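Undergrad: One predicted model, sequence on top.
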Amino acid sequence: MECGDPGSALLSTYLDWRVSLEQSGAGSPHSKEASVTKIVVILVGLMFPRYLLALYFLAYVIAAFFWRSYLVKKRTGINPVTLKSSQSVRDFIGRVFKLLFATIAIVVIVFAFLPRYYDYLVPIHWLEQEPVRWIGSVLLLLSLMWTVFAQSQMGESWRIGIDEKNKTPLVQRGVFRFSRNPIFLGMITTLAGLFLVIPNAITLLTFVVGVVVINVQVRLEEEHLKTLHGDDFVSYCRRVRRWL
């Protein structure tokens, strides 16, 4: 098992147990039954952490992007995805977001299904500890729930990018009473959680670049909302912080 795979400790346990079993010469039906059970438990433990991350990523993409976009399109007839291919700063940021998304997808696929290539991602071994992974896992779960909840409160105002054609209401209720950008806050938390679960050079890079790009996008959206809503948005900014 390559370094960086969280199942390596379980595999080591399995190998040690296998040696002790052979040395003991256990051959009774009960011992064989126990052997099969233990093999199943260990193999499940080896696969579950890696495959679970892939399932999480799939659930995140569906819940946080496709499902909400589908609902907005169905209810309003407006395509909430406003990213284009122009050379403007807004669309350039959109392309960077797509690149980050593709990079994360590749990292998760390598981690989950191609562990033999994981070392090419340059693992940060001193962070590969169970407490760190637990913290990262909690951040991933909380960020997903937080992001989906914030999106539901945006309702028909939900957009991917900046919509210059359709005027959307200024959302100030729910979690937007405490943060002007709760969805972006959730995305940053997701990137941090991913880095802690699988700490390597690529997840660190996606976290750093993600934070920078999200901050640029937030400021672009603030300029747009100020133009769109005027004094109402200025007043909102005075009452509520950009993040928390």
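TA: That came through, no problem.
Undergrad: Quick one: residues contacting residue 190.
TA: Shown in contact with residue 190 (CB atoms under 8 Å, 6 or more residues apart in numbering): 60, 139, 140, 143, 144, 147. (Glycine included, C-beta is placed from N, CA and C.)
Undergrad: distance of it from residue 59?
TA: When CB to CB, to the nearest Å is applied, the distance between residue 190 and residue 59 equals 12 Å.
Undergrad: So for the two, which residues contact both of them?
TA: Overlap between the neighbourhoods of residue 190 and residue 59 consists of residue 144, taking contacts as CB under 8 Å, 6+ apart.
Undergrad: just to revisit the earlier point, which of the contacts of residue 190 lies closest to residue 244?
TA: The closest of those to residue 244 turns out to be residue 143 (CB to CB; 13.6 Å).
Undergrad: so the closest one is in which element?
TA: Under the assignment given by DSSP states H and E, the secondary-structure element containing residue 143 is helix 130-154.
Undergrad: so which strand or helix has the residue positioned nearest the centre of the chain?
TA: In the chain, the residue lying closest to the centroid (CA atoms, centre = their mean) is residue 190, at 4.1 Å. Under the assignment given by DSSP H and E, the secondary-structure element containing residue 190 is helix 182-197.
Undergrad: any idea of the mean pLDDT in that helix?
TA: Confidence over helix 182-197, taken as the mean pLDDT, stands at 96.
Undergrad: Mean pLDDT per helix and strand in the protein: which one sits at the bottom?
TA: For the chain, counting by mean pLDDT, DSSP states H and E, helix 8-24 ranks last in confidence among helices and strands (a mean of 52).
Undergrad: from the chain's centre, how far out does stretch 214-222 sit?
TA: From the chain centre to the centre of stretch 214-222 is a distance of 20 Å (CA atoms, centre = their mean, to the nearest Å).
Undergrad: so where's this protein uncertain?
TA: Counting by pLDDT under 70, the low-confidence segments of the chain come to 1-49.
Undergrad: Can you show me the strands along it?
TA: Remark: strands of the chain are absent; assignment by DSSP state E.
Undergrad: ok, which stretches of it are helices?
TA: Counting by DSSP state H, one finds helices in the chain at the ranges 8-24, 29-61, 67-76, 89-113, 130-154, 182-197, 201-229, 231-239.
Undergrad: between the helix holding residue 190 and helix 201-229, how many degrees?
TA: Between the axes of helix 182-197 and helix 201-229, defined by axes from the mean of the first three to the mean of the last three CA atoms, to 10 degrees, the angle is 180 degrees.
Undergrad: How far off centre is helix 182-197?
TA: Using CA atoms, centre = their mean, the distance between the centre of helix 182-197 and that of its chain works out at 6 Å.
Undergrad: Go ahead and produce CSV holding the CA coordinates of it.
TA: Backbone C-alpha positions of helix 182-197 (Å, rounded to 0.1, in the frame of the first residue of the first chain) are rendered in CSV as follows:
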residue,chain,number,x,y,z
PRO,A,182,-22.4,31.9,3.3
ILE,A,183,-22.2,29.7,0.2
PHE,A,184,-18.6,30.9,-0.6
LEU,A,185,-17.8,30.4,3.1
GLY,A,186,-19.1,26.8,2.8
MET,A,187,-16.9,26.3,-0.3
ILE,A,188,-13.8,27.5,1.5
THR,A,189,-14.6,25.2,4.3
THR,A,190,-15.0,22.3,1.9
LEU,A,191,-11.6,23.0,0.4
ALA,A,192,-10.0,23.1,3.9
GLY,A,193,-11.7,19.8,4.8
LEU,A,194,-10.6,18.1,1.7
PHE,A,195,-7.0,19.2,2.3
LEU,A,196,-7.1,17.8,5.9
VAL,A,197,-8.6,14.5,4.7
